[in-house]
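[1] Turn this into a structure:
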Amino acid sequence: MYDWLDGWLRALPGAEHGYKEEWNWHRYTVRGRHFAALCTPDSKYKVYGGHPLVNLKCDPRLAEGLREQYPEILPGFYCDKRTWIAVLLDGEPITRANIHRLSFATCEHSFFPALTPADHRDFYRSQFPRFREKRFAGLMEFFALPMDRPIRRYSAGQKNQFEVILALSQGADYILMDEPFAGNDVFNRDDFYKVLLGILEPQETVLLSTHLIEEVSQFVSRAVLLRGGEIVGDAALQDLEETGQDLMGYVRSVYHYQPDRVSRALSNLTEEEDAP
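    Below is the predicted model of the structure:
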């Protein structure tokens with residue numbers, strides 16, 4: 001049982017939970033209609049056997065494409081396979097054989113400070129078979145970074161730019177970025193968001209951790225909000241738009257933002273100064 005997933009499914013608007021003991025299924029419904037189920041099929045069920053999974057109701061137009069793109073997504077288990085998908089939850093373990101599918105860009109940096117960008121290009125080319133040399137060169141030109149200067153001689157903003165360039169050029173399917181734009185001015189950041197949208201290919205997914213929510217609101221498709229290490233919000237931007245919300249309004253609602261906090265603070269501070 002995946003407690004985090006169970007909690008997330010139960011927290012969806014109108015969701016109700018039920019347990020079918022003879023199947024060992026946790027089932028989730030809205031107004032009596034099933035939309036998800038958590039289970040671990042017996043080993044006799046071929047590709048499903050022994051794998052914890054979640055069955056999810058899915059638009060048939062999306063289901064086929066998802067199954068083709070992700071090996072962990074199968075036709076629904078013990079369900080109508082046209083309208084349900086099964087997502088294997090144990091996934092593929094990270095090994096030396098597939099680590100190239102992941103790349104990282106962090107404000108702590110993962111490059112070699114004594115090497116130049118040209119040295120990094122040659123190293124990445126030798127280590128990652130899908131290294132995107134054209135993308136690397138194009139992003140270096142976009143940020144106007146010198147190719148022959150050791151990275152340790154870059155400014156703080158340039159180092160963060162180079163870290164992002166390496167992550168995007170590795171050839172990974174999943175690109176993780178943790179506050180990658182620290183030290184960059186607002187114009188550089190805004191231009192980069194636009195370039196990023198223009199170069200990403202369908203199989204590439206960027207997971208971005210940032211506090212610059214208002215800046216990225218026009219460039220992300222889904223937002224997951226954290227507090228104290230727990231997920232407190234999860235919304236697709238398209239769903240918010242359909243309900244007339246924007247991302248910042250959703251964030252304020254989830255975090256119970258108090259719009260009068262500034263006026264109250266100013267009032268209190270002014271009263272203190274005016275007191276005899």
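
[2] Output the below-cut-off pLDDT ranges for the stretch 151-276 of the chain.
    272-276 (pLDDT under 70).

[3] That one: helices as residue ranges?
    Listed in chain order, the helices of the stretch 151-276 of the chain (DSSP state H, counting those that start in this stretch) span residues 156-169, 186-199, 213-216, 237-242, 247-254, 261-274.

[4] Kindly compare burial across these and name the winner.
    Burial among the helices of the stretch 151-276 of the chain, expressed as mean neighbours by mean count of other C-beta atoms under 10 Å, is greatest for helix 156-169, which shows a mean of 21. Heads up, the C-betas are built off the backbone N, CA and C, glycines and all.

[5] For that helix, give me every contacting residue.
    103-107, 109-111, 117, 120, 124, 131-133, 135-136, 139-140, 143, 145, 151, 154, 175-177, 180-185, 188, 192, 196, 199 (C-beta atoms under 8 Å, 6 or more residues apart in numbering).

[6] What subset of these is buried?
    Of all those considered here, the ones buried according to neighbour count by 16 or more other C-beta atoms under 10 Å are 103-107, 111, 117, 120, 124, 131-132, 136, 139-140, 143, 145, 151, 154, 175-177, 180-181, 184, 188, 192, 196.

[7] These in strands, which ones?
    Using DSSP state E, the members of the buried ones among the contacts of helix 156-169 that fall in strands are 103-106, 175-177.

[8] With distance to Arg261 added, can I get the residues you listed in TSV?
    Rendered in TSV, the data for those read as follows (distance: C-beta to C-beta, whole Å):
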residue	distance to Arg261
Ser103	39
Phe104	36
Ala105	34
Thr106	32
Ile175	36
Leu176	33
Met177	30
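
[9] re the thing from before, between the helices of the stretch 151-276 of the chain, which one is nearest to Gly65?
    Nearest to Gly65 among the helices of the stretch 151-276 of the chain is helix 237-242; the distance by C-beta to C-beta comes to 16.5 Å.

[10] other SSEs contacting that closest one?
    For helix 237-242, the packing partners by 3 or more C-beta pairs under 8 Å, 6 or more residues apart in numbering; DSSP states H and E come out as helix 247-254.

[11] CA atoms only for the helix it packs on - export them in PDB, please.
    Written as PDB, here are the backbone C-alpha positions of helix 247-254 (Å, rounded to 0.1, in the frame of the first residue of the first chain):
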ATOM      1  CA  LEU A 247      -1.800  29.600 -10.500                       C
ATOM      2  CA  MET A 248      -1.100  32.400  -8.000                       C
ATOM      3  CA  GLY A 249      -4.700  32.400  -6.800                       C
ATOM      4  CA  TYR A 250      -4.500  28.700  -6.300                       C
ATOM      5  CA  VAL A 251      -1.200  29.000  -4.400                       C
ATOM      6  CA  ARG A 252      -2.700  31.700  -2.100                       C
ATOM      7  CA  SER A 253      -5.700  29.500  -1.500                       C
ATOM      8  CA  VAL A 254      -3.700  26.400  -0.600                       C
END
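
[12] Centre of the chain to it, how far?
    In this view, helix 247-254 has its centroid 18 Å away from the chain centroid, taken as C-alpha atoms, centre = their mean, to the nearest Å.

[13] same check, this time on stretch 111-120
    With C-alpha atoms, centre = their mean as the basis, stretch 111-120 stands 28 Å off its chain's centre.

[14] got the end-to-end distance for it?
    In terms of C-alpha to C-alpha, to the nearest Å, the two terminal residues of stretch 111-120 are separated by 8 Å.

[15] And for stretch 170-186?
    For stretch 170-186, the separation between the terminal residues is 26 Å (C-alpha to C-alpha).

[16] Could you do stretch 225-243 as well?
    End residues of stretch 225-243 are separated by 19 Å (C-alpha to C-alpha).

[17] Check stretch 100-115 too.
    Stretch 100-115 end-to-end distance (C-alpha to C-alpha) = 21 Å.

[18] do the same with stretch 28-46
    In stretch 28-46, first residue to last residue: 25 Å (C-alpha to C-alpha).

[19] which residues sit against it?
    The contact list for stretch 28-46, computed with C-beta under 8 Å, 6+ apart, reads 1-2, 5-6, 9-10, 12-18, 23-27, 48-57, 77-79.

[20] Distance check, the residue nearest the centre of the chain against Gly7.
    Geometric centre of the chain, nearest residue: Leu207, 3.0 Å, by C-alpha atoms, centre = their mean. If you measure Leu207 against Gly7 using C-beta to C-beta, to the nearest Å, the figure is 21 Å.
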